[in-house]
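> For reference, the sequence and a predicted model appear below.
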Amino acid sequence: RGSGYPLATFGLGFRHLLGSLVEAIIFTIPALLVVVAIKWLVIQASDSAAPLIAHPDVAARLAEPDVTRWLIIYTITCFVQELIVRGAIQSGLSLFVTGPRKDLWAIVVAALLFSMPHLHISFLFASLAFLAGLFWGWLYARRPNLLGVPLSHAVVGGFVFFIAGTSL
């Protein structure tokens with residue numbers, strides 16, 4: 001509020017709401033396919049016998065009380081992360097940085113800052129979080145509203161952890 005800019009500048013409000021949701025749905029589907037491809041590559045590289053999709057019965061998996069509880073917590077966390085990274089950092093950098101590629105720099109820096117807290121898990125996980133951060137930064141730059149991107153984040157992360165069965 002103290003910046004003098006309207007809240008829509010930071011992705012809050014109704015501006016771009018529908019477009020953000022539609023694009024999140026459209027672009028998240030290919031992102032899930034990329035996740036499966038990356039898991040396949042990791043399985044091949046490590047000679048692991050891990051299944052590509054650990055829980056193919058999605059409805060049964062999501063009906064499990066512990067999974068439901070963790071997915072709710074994870075979804076709330078996604079909204080908080082995206083509020084900070086896209087709403088505050090990326091939007092603020094887009095206003096602060098000048099030049100023809102200011103939005104690109106805002107996306108890259110925000111993605112780097114997004115990936116850093118994931119380093120405690122592993123460098124590989126943080127690197128993949130950086131790639132995801134680039135994707136969500138690009139998605140946010142197209143339609144700056146903080147509804148579609150956090151939903152995409154929750155769907156991709158939920159798929160990674162609760163369906164594909166990626167272990168940390």
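All right, it came through fine.

> Name the SS class of the nearest residue to Thr75 once chain neighbours are set aside, please.
With sequence-adjacent residues excluded and distances taken as C-beta to C-beta, 6 or more residues apart in numbering, Thr75 is closest to Ala154, at 4.3 Å. Glycine gets a C-beta too; all of them are placed from N, C-alpha and C. For Ala154, the assignment made with DSSP: H, G, I helix; E, B strand; the rest coil gives helix.

> ok, how many other residues are close to Ala154?
Neighbour count of Ala154, defined by other C-beta atoms under 10 Å: 20.

> low-scoring pLDDT stretches of this structure, where are they?
The chain contains residues with pLDDT under 70 at 1, 167-168.

> do that again at 80, thanks
In the predicted model of the chain, residues 1-3, 166-168 satisfy pLDDT under 80.

> measure the residue nearest to Thr75 to Pro51 for me?
According to C-beta to C-beta, to the nearest Å, Ala154 and Pro51 sit 23 Å apart.

> same for the helix ranked longest in the chain, what does it pack against?
As assigned by DSSP state H, the longest helix anywhere in the chain is helix 17-46. Using 3 or more C-beta pairs under 8 Å, 6 or more residues apart in numbering; DSSP states H and E, the elements in contact with helix 17-46 are helix 123-142, helix 148-158.

> Can you list the neighbours in contact with the last one?
Spelled out, it's helix 148-158. Helix 148-158 is contacted from outside by 11, 19-25, 27-28, 31-32, 35, 71, 74-75, 78-79, 81-83, 86, 132, 136, 139-140, using C-beta atoms under 8 Å, 6 or more residues apart in numbering.

> 7 Å - rerun?
The contact list for helix 148-158 (C-beta atoms under 7 Å, 6 or more residues apart in numbering) reads 20-21, 23-24, 28, 31-32, 35, 71, 74-75, 78-79, 82, 86, 132, 136, 139-140.

> quick one, that helix and helix 17-46 angle?
30 degrees (axes from the mean of the first three to the mean of the last three C-alpha atoms, to 10 degrees).

> what about helix 148-158, distance to the chain center?
The chain centre lies 5 Å from the centre of helix 148-158; the measure is C-alpha atoms, centre = their mean, to the nearest Å.

> With only the CA atoms kept, save that helix in CSV.
Taking Å, rounded to 0.1, in the frame of the first residue of the first chain, the C-alpha atoms of helix 148-158 are listed here in CSV:
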residue,chain,number,x,y,z
GLY,A,148,-3.5,-18.9,-11.6
VAL,A,149,0.2,-19.2,-10.8
PRO,A,150,-0.3,-20.5,-7.2
LEU,A,151,-2.9,-22.9,-8.5
SER,A,152,-0.4,-24.2,-11.1
HIS,A,153,2.3,-24.4,-8.4
ALA,A,154,0.0,-26.4,-6.2
VAL,A,155,-1.1,-28.8,-9.0
VAL,A,156,2.5,-29.4,-10.2
GLY,A,157,3.9,-29.8,-6.7
GLY,A,158,0.9,-32.0,-5.7
